[in-house]
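Participant: what would the 3D arrangement of this be:
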Amino acid sequence: MNWKKSLRAAGLVAALTFSLVGCNTEGAYSPQEIIDHALQETKEPLTYYGEYTMDMGEAGGKIQVKEWTKDGKRRIETTAENGEHSITVNNGSQVIMYDVVKNTVHKIDINKGGVNEIPSQRDQLELLFNAVKDTHDVKMAEEEKIAGRDTYKVVAKAKKDDTLIGDIEVWVDKKTWVTLKTITNSAGNKMTTEYTKMDEKAKIDDAQFTLDIPKDAKVEEISIPESESVTLDTVKEQLGEFLMVPEGNGLTLEEISLDKGIEDRSEYTFSYAKNGQQDISVTVFKANSNAKKVEPIKGEKEMDIRGQKGTVMDENKFHSISWQENGYQYSMFTVDSKRTIEDLVAYTKQMTIVK
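Facilitator: From the prediction side, this is the model:
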């Protein structure tokens, strides 16, 4: 598991739409009530046509997006300022992605691949629902019109300057509760998503959810890679000598999983429980001395770990440490808010060589 890459990706997703919670009595609704409404499942799936712009700044420039939604099906067409153009359709059984410029098609079976749908605004809200409730001060702001529609505006100010997720602004449509605009600062990237058109009365033909794929297009069926459970003996055979946190004092090794990382490298994750509750995870893989150095992300700091130069990430609900030692890359992390960086460092001091 390459958690740093995952955090960067999460930052991009967070920039699309975000959920904010808090207590405030200003206006007809509190931030909590607005977000609750935005996350509620409607009795009937929304049907609408929308157009919005994603401005990802230095991370990826501007992208123009067209969106059709009907009966739980979705079609997304994106055009980037660098000329990239893609069409993605969820027809209920497959997600089909067509790169118009490269003339390539990727298909994912929803049931087999573990992909439920193209992430909607609501999905993205729910995905990161609890990310800022303890780290930001949330309040209502002055109501504004977005795409000619009345909205509620919610503003979240980060309590700390040096944090992975910075200040956030969200505009929620009063009628449909769809998030029409967001401005986020995440992982050092400022991103803006804003609808310029939103029409829930649009007549959408079912043909929109069928892709006419050119005969000469290259088609590839893909699936989402799944972790594979392995034994300690298997890890020993592949890695040789490496460091491992020993069991004891209520700490037990629950599972060892194998994932394929960058350049198809084998990454082994050791998942531990403490007195029956999920506690820490440790990932180890052979370090590539020729690999390009990954720049630190916002909120990441340098720290000495086991006499080696390492890095730490100390967020409210995510604590991690990472370092290299004797040709291996190690990462230890926990999502237990009660755990601290000091707890993780204490575990590293207990690590022993496995042969």
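Participant: when you work out contacts or count neighbours from here on, use the C-alpha atoms and nothing else.
Facilitator: Noted.
Participant: residues in contact with Pro45?
Facilitator: Taking Cα atoms under 8 Å, 6 or more residues apart in numbering, we find Pro45 in contact with Lys70, Asp71, Gly72.
Participant: ignore what I typed, I meant Ser229.
Facilitator: Glu255, Ile256, Ser257, Leu258.
Participant: for the third one, list each beta-bridge partner.
Facilitator: The residues listed as beta-bridge partners of Ser257 by DSSP bridges are Ser229, Thr269.
Participant: from Val284, how far out is it?
Facilitator: 11 Å (Cα to Cα, to the nearest Å).
Participant: okay, these two: which has more neighbours?
Facilitator: Val284 (24 against 19; other Cα atoms under 10 Å).
Participant: which neighbours do Ser257 and Val284 have in common?
Facilitator: In contact with both Ser257 and Val284: Tyr268, Thr269, using Cα under 8 Å, 6+ apart.
Participant: ok, back up a step: closest to Val335 among the contacts of Ser229?
Facilitator: Using Cα to Cα, Glu255 is the member of the contacts of Ser229 that sits closest to Val335, with 16.8 Å.
Participant: skip the chain neighbours and tell me the closest residue to that closest one.
Facilitator: Ser271 (5.3 Å; Cα to Cα, 6 or more residues apart in numbering).
Participant: give me the neighbour count for the one you found.
Facilitator: Neighbour tally, Ser271, other Cα under 10 Å: 20.
Participant: that's a strand at it, yeah?
Facilitator: Yes - remark: Ser271 belongs to a strand, assigned using DSSP: H, G, I helix; E, B strand; the rest coil.
Participant: return the residues in contact with it.
Facilitator: Counting by Cα under 8 Å, 6+ apart, Ser271 has contacts Leu253, Glu254, Glu255, Ile256, Gln278, Asp279, Ile280, Ser281, Val282.
Participant: narrow those residues to those in strands?
Facilitator: Leu253, Glu254, Glu255, Ile256, Gln278, Asp279, Ile280, Ser281, Val282 (DSSP state E).
Participant: show me the beta-bridge partners of the last one.
Facilitator: Here Val282 shows beta-bridge partners Phe270, Met332, assigned using DSSP bridges.
Participant: was I right about it contacting Met332?
Facilitator: Yes - at 4.4 Å, Val282 and Met332 qualify as touching, with contact defined as Cα atoms under 8 Å.
Participant: Asn185: which element?
Facilitator: Following DSSP states H and E, one finds Asn185 within strand 179-186.
Participant: please, where are all the helices along this protein?
Facilitator: Applying DSSP state H to the chain gives helices spanning 3-16, 31-39, 110-113, 121-127, 232-239, 341-350.
Participant: what stretches of the stretch 201-350 of the chain score poorly on pLDDT?
Facilitator: For the stretch 201-350 of the chain, the stretches with pLDDT under 70 are 223-225, 262-263, 290-299, 316-317, 337.
Participant: show the model's pLDDT score for Lys157.
Facilitator: With respect to pLDDT, Lys157 scores 86.
Participant: wait, isn't it in contact with His136?
Facilitator: Yes - counting by Cα under 8 Å, His136 is a contact partner of Lys157 at 5.2 Å.
Participant: any common contacting residues for those two?
Facilitator: Looking at what touches both Lys157 and His136 (by Cα under 8 Å, 6+ apart), the common residues are Asp167.
Participant: the two: which has the busier surroundings?
Facilitator: His136 (21 against 17).
Participant: list the buried residues of stretch 226-234.
Facilitator: Residues of stretch 226-234 include none that count as buried (16 or more other Cα atoms under 10 Å).
Participant: what strands line up against the strand holding Asn185, and which way round?
Facilitator: strand 165-173 (antiparallel), strand 189-199 (antiparallel).
Participant: out of these, the one nearest Ile341 is which?
Facilitator: That would be strand 165-173 among the strands paired with strand 179-186, by Cα to Cα, at 18.7 Å.
Participant: quick one on the thing from earlier: which among the contacts of Pro45 count as buried?
Facilitator: Lys70.
Participant: let's have the contacts of Pro45 in JSON lines, adding distance to Ile341 and pLDDT.
Facilitator: Output for the contacts of Pro45, formatted as JSON lines (distance: Cα to Cα, whole Å; pLDDT from 0 to 100):
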{"residue": "Lys70", "distance to Ile341": "47", "pLDDT": "92"}
{"residue": "Asp71", "distance to Ile341": "46", "pLDDT": "89"}
{"residue": "Gly72", "distance to Ile341": "43", "pLDDT": "82"}
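Participant: save the contacts of Pro45 as TSV, and put in distance to Lys309 too.
Facilitator: Output for these, formatted as TSV (distance: Cα to Cα, whole Å):
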residue	distance to Lys309
Lys70	52
Asp71	53
Gly72	49
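Participant: tell me the one of the contacts of Pro45 nearest Leu164?
Facilitator: Closest to Leu164, out of all of the contacts of Pro45 and judged by Cα to Cα, is Gly72, at 32.8 Å.
Participant: in the sheet, who's paired with Lys145?
Facilitator: Residues in beta-bridge contact with Lys145 (DSSP bridges): Asp150.
Participant: so it sits right up against Thr151, yeah?
Facilitator: Yes - Lys145 lies in contact with Thr151 (Cα under 8 Å); the separation is 5.8 Å.
Participant: of these two, who's got more company?
Facilitator: Counted by other Cα under 10 Å, Lys145 and Thr151 do not tie: Thr151 has more neighbours, with 24 against 15.
Participant: residue contacts, the nearest residue to that one once chain neighbours are set aside?
Facilitator: Counting by Cα to Cα, 6+ apart, the nearest residue to Thr151 once its immediate chain neighbours are dropped is Asp173, at 4.4 Å. Taking Cα under 8 Å, 6+ apart, we find Asp173 in contact with Arg149, Asp150, Thr151, Tyr152, Thr179, Leu180.
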